[in-house]
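1. How does the following fold in three dimensions:
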Amino acid sequence: MAIHLPRIMHTKQILRQSKQFASQAPSSSTNVPKGHFAVHVGESQKKRFVVPISFLNQPSFQKLLSIAEEEFEFNHPMGGLTIPCREEVFIDLTSRLH
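-> Residues are numbered from 1 along each chain as shown. Okay, here's the model as predicted:
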């Protein structure tokens, strides 16, 4: 069993930068870098993450989107894409996508 620490550390760094980017700027679609999109993640309290559009091609990320569709349909309370899962699960999943 191989452990890919550099990849996980790289992903955590990207997500940390995304969180910093989100906290420094007001939440609007104009503050998302080209080639990325914002998602709100969490069950009760939501955190905003900015992720690459390439994640949309990944089956595991598509599963999260299906869960979001089942729960919210097209009525997202945060005004954008909301994924109803624990933040730790989201970070773990996205760390495997890079």
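
2. tally of neighbours for the closest residue to residue 58 other than its chain neighbours?
-> Using CB to CB, 6 or more residues apart in numbering and skipping residues adjacent in sequence, the residue nearest residue 58 is residue 97, 5.2 Å away. All C-beta spots, glycine's among them, are computed from the backbone N, C-alpha and C. The criterion is other CB atoms under 10 Å. On that basis, residue 97 has 15 neighbouring residues.

3. Hmm, residue 97 is touching residue 55, no?
-> Yes: Residue 97 lies in contact with residue 55 (CB atoms under 8 Å); the separation is 5.7 Å.

4. circling back: quickly note the distance from the residue nearest to residue 58 to residue 73.
-> 25 Å (CB to CB, to the nearest Å).

5. what's the answer for residue 86, then?
-> Applying CB to CB, the value for residue 86 to residue 73 is 21 Å.

6. Quick one: low-confidence residue ranges for this protein.
-> Of all residues in the chain, those with pLDDT under 70 make up the ranges 1-30, 72, 74-79.

7. before we move on, back to that, quick one: which of residue 86 and residue 73 has more around it?
-> Here residue 86 and residue 73 are compared on neighbour count by other CB under 10 Å; more neighbours surround residue 86, at 11 against 8.

8. which stretches of this protein form helices?
-> Using DSSP state H, the helices assigned to the chain run over residues 5-24, 59-72, 87-97.

9. Identify each buried residue in stretch 36-55, please.
-> Of the residues in stretch 36-55, those buried under the neighbour-count criterion (16 or more other CB atoms under 10 Å) are 36-42, 46-51, 55.
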